[in-house]
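Chemist: I would like the atomic coordinates for the input below:
(2 chains)
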Amino acid sequence: MLAAALALGSARAQELMPPDVLVKQVTLEVVDLIARDKEIRGGNRAKLIGLINEKVLPHFNFVAMSALAMGQSWNKASPEQKKRVTEEFKTLLVRTYASALASYSDQKFDFRPLRAKPTDTDVVVHVRVLQPGTQPVPIDYSMEKTPSGWKVYDVMVGGVSLVANYRTEFNNLVRESGVDGLIKNLSAKNRALDGAGADRKS
Amino acid sequence: MRWLLCALALASGGCATTNPDPRDPLEGWNRGVYSFNDKVDGWVLRPVATGYTKVLPNEVRDRVRNFFANIADPMIGVNNLLQGKFEDGFFDWVRFGFNSTFGLFGLHDIASDMGYEKHNEDWGQTFGRWGAGTGPYVVLPLLGSSSVRDGIGTGFDFLTDPMAGLRRAEVRWGLWGVRVIQVRSDLLDVSQLLEEAALDKYVFQRDAYFQRRRSLIYDGQPPRERDVDTIPPGESK
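Modeler: Sure, this is the predicted structure:
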């Protein structure tokens, strides 16, 4: 099994990787890279986003996330509009993810064993972030098996589904000003955050 | 901008929102309170909490968090018992016992290190377990997101708060004050995330509140959304 994976090369091996192993490996790798990077720890947001683009993004299915966030409105959108929404939503989510990672400070992870049948193509991978004095924070990755490996299509933090949480906002905007209104709003939000730049107020 | 207008329109009998949400019939009023809370937070609470994290080292803040977490454990245990979760409730008291003694008055959460995990329970969750629906969404002044059910729960939480029994008012209010600052300081990162992630902060926070509370009532394992009407709480396990 190991020999076969090696023979197929690393890219192929990653496709075969079970979803829970994939989550654990990517999480630990990213946390380790951040811990060893002085610039990122010093607040270099562009470099952190670059790291996420390289290491995390390939394992997410942003088209599925956008479709789930838009719900029924997804079917009203043209292929071009779908592409724009996906692009803008991706930018927003990556930035949010970068902020979440930037606030990480040596908490311990508890990677839960996967409860799924080998034939399952849609699973939830449970991870918990442990911190003394507070209840562990669950992070649940909903993942789907695709020809190019397992892909995340939703993340639940503390029981709050990210895509579900955008659904009301997205549908409100579509109802008010159509899919183009949603695209306009998303890109305005992204540009405003670009403008805010590195001066991160908390 | 719209909610600012809504807040102004409150005096003349509320505000018709363009996208009414069935869970939030009081949206006009709620948005007014929300923007009030947001201002108080920006002017007072957030700066104080930010200063608190800057002045005190992590180590000290951990002790403060643990202390308040520990004195809350007995009531968390009571709520677990009321929800029929006897084992969880028992271990909340075990936690309190260990942490209050070997953990030096709760300053150290040694129970977690021993494998007795902290739970998150309150009266609102207990009422939810008993079958009470959330009722409409309510933004409480200073306290923030709530619902009719959870607002009543919060009232019970106050009445059963161990610090409410302290006879000396200055000690009681002092401890409450420190706890508020400690809790807010733990939420600095979350509130920053909310600023960045949300298109409409009010809607984003409201939806997250309902999702979070539902998850807590089912202890992190809520049934799938479409089954929610057919499976009463407590029978999901």
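
Chemist: nearest spatial neighbour of whichever residue of chain A sits closest to chain B, skipping sequence neighbours?
Modeler: Per Cβ to the nearest Cβ, residue A:159 is where chain A lies closest to chain B, at 2.3 Å. Using the backbone N, CA and C atoms, a C-beta is placed for each residue, glycine as well. Spatial nearest neighbour of residue A:159, excluding adjacent residues (Cβ to Cβ, 6 or more residues apart in numbering or on different chains): residue B:215 at 2.3 Å.

Chemist: for the one you found, give me the backbone phi and psi.
Modeler: phi -60, psi -40 (degrees, to the nearest 10).

Chemist: who touches it in this structure?
Modeler: Going by Cβ atoms under 8 Å, 6 or more residues apart in numbering or on different chains, residue B:215 touches A:158-160, B:222.

Chemist: leaving out chain neighbours, which residue sits closest to residue 103?
Modeler: Reading this off chain A. Nearest one to residue A:103, counting by Cβ to Cβ, 6+ apart, is residue B:189 at 3.8 Å.

Chemist: my bad, the chain I had in mind was chain B
Modeler: Closest to residue B:103 by Cβ to Cβ, 6+ apart is residue B:110, at 4.6 Å.

Chemist: and residue A:64, by the same measure?
Modeler: Nearest non-adjacent residue to residue A:64 (Cβ to Cβ, 6+ apart): residue A:153, at 4.0 Å.

Chemist: and the one helix or strand the one you found maps to, C-alpha only, in CSV?
Modeler: Here residue A:153 sits within strand A:149-157, counting by DSSP states H and E. Written as CSV, here are the backbone C-alpha positions of strand A:149-157 (Å, rounded to 0.1, in the frame of the first residue of the first chain):
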residue,chain,number,x,y,z
GLY,A,149,-9.5,14.0,-3.9
TRP,A,150,-11.7,14.9,-0.9
LYS,A,151,-12.9,18.5,-0.9
VAL,A,152,-14.3,20.6,1.9
TYR,A,153,-17.7,22.2,1.1
ASP,A,154,-18.7,23.6,4.5
VAL,A,155,-16.9,24.4,7.8
MET,A,156,-18.8,24.5,11.1
VAL,A,157,-17.2,26.3,14.0
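
Chemist: tell me how far the longest helix along chain B lies from the chain's centre.
Modeler: Ranked by residue count, the top helix of chain B under DSSP state H comes out as helix B:58-82. In terms of Cα atoms, centre = their mean, to the nearest Å, the centre of helix B:58-82 is set 13 Å apart from its chain centre.

Chemist: need the contact list for the residue nearest to residue B:103.
Modeler: B:98-99, B:102-103.

Chemist: can you pull the poorly scored residue ranges out of chain A?
Modeler: A:1-15, A:132-133, A:196-202 (pLDDT under 70).

Chemist: now the strands for it?
Modeler: A:108-111, A:122-130, A:137-146, A:149-157, A:160-161 (DSSP state E).

Chemist: between the ones you listed, which one is nearest to residue A:76?
Modeler: Using Cβ to Cβ as the measure, strand A:149-157 is the one of those that comes nearest residue A:76, at 20.5 Å.

Chemist: and residue B:74, how many neighbours?
Modeler: 18 (other Cβ atoms under 10 Å in any protein chain shown).

Chemist: try residue A:66
Modeler: Around residue A:66 there are 26 residues (other Cβ under 10 Å).

Chemist: next: residue B:149.
Modeler: Neighbours of residue B:149 (other Cβ under 10 Å): 20.

Chemist: again with residue A:79
Modeler: For residue A:79, using other Cβ under 10 Å, the count is 7.

Chemist: before we move on, what about residue B:188?
Modeler: Residue B:188, neighbours per other Cβ under 10 Å, totals 17.

Chemist: show me what contacts it?
Modeler: A:202, B:46, B:49-50, B:53.

Chemist: nearest to residue B:209, of those residues?
Modeler: Nearest member of these to residue B:209, counting by Cβ to Cβ, is residue B:46, at 19.2 Å.

Chemist: tell me what angle the helix ranked longest in chain A forms with strand A:149-157.
Modeler: Across chain A, the longest stretch assigned as helix under DSSP H is helix A:162-196. With axes from the mean of the first three to the mean of the last three Cα atoms, to 10 degrees applied, the angle from helix A:162-196 to strand A:149-157 works out at 80 degrees.

Chemist: how about the helices in chain B?
Modeler: B:2-9, B:27-40, B:46-55, B:58-82, B:86-101, B:110-113, B:123-129, B:148-159, B:169-186, B:188-197, B:201-217.

Chemist: got those helices as CSV, with mean pLDDT columns?
Modeler: CSV is the format used below for the helices of chain B (pLDDT from 0 to 100):
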stretch, mean pLDDT
helix B:2-9, 46
helix B:27-40, 94
helix B:46-55, 92
helix B:58-82, 92
helix B:86-101, 93
helix B:110-113, 88
helix B:123-129, 93
helix B:148-159, 93
helix B:169-186, 89
helix B:188-197, 84
helix B:201-217, 91
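
Chemist: can you report how many residues neighbour residue B:129?
Modeler: Neighbour tally, residue B:129, other Cβ under 10 Å: 21.

Chemist: over to residue A:31?
Modeler: Residue A:31, neighbours per other Cβ under 10 Å, totals 15.

Chemist: roughly how far apart are the nearest residue to it once chain neighbours are set aside and residue B:34?
Modeler: Leaving aside its sequence neighbours, residue A:31 sits nearest to residue A:104 (Cβ to Cβ, 6+ apart; 6.8 Å). Computed with Cβ to Cβ, to the nearest Å, the distance linking residue A:104 and residue B:34 is 29 Å.

Chemist: got the residues of chain A near chain B?
Modeler: Within chain A, the positions near chain B by Cβ under 8 Å from any Cβ of the partner chain are A:92, A:95-96, A:99-100, A:103, A:105, A:130, A:132-136, A:138, A:158-161, A:164-169, A:171-173, A:175-176, A:185-186, A:189, A:193, A:200-202.

Chemist: of the residues you listed, buried ones?
Modeler: A:92, A:95-96, A:99-100, A:132-136, A:138, A:158-161, A:164-169, A:171-173, A:185-186, A:189, A:193, A:202 (16 or more other Cβ atoms under 10 Å in any protein chain shown).

Chemist: thinking again about what came up before, count of neighbours near the residue nearest to residue A:31?
Modeler: 13.

Chemist: which parts of stretch B:110-122 are buried?
Modeler: B:110-112, B:116, B:118-122.
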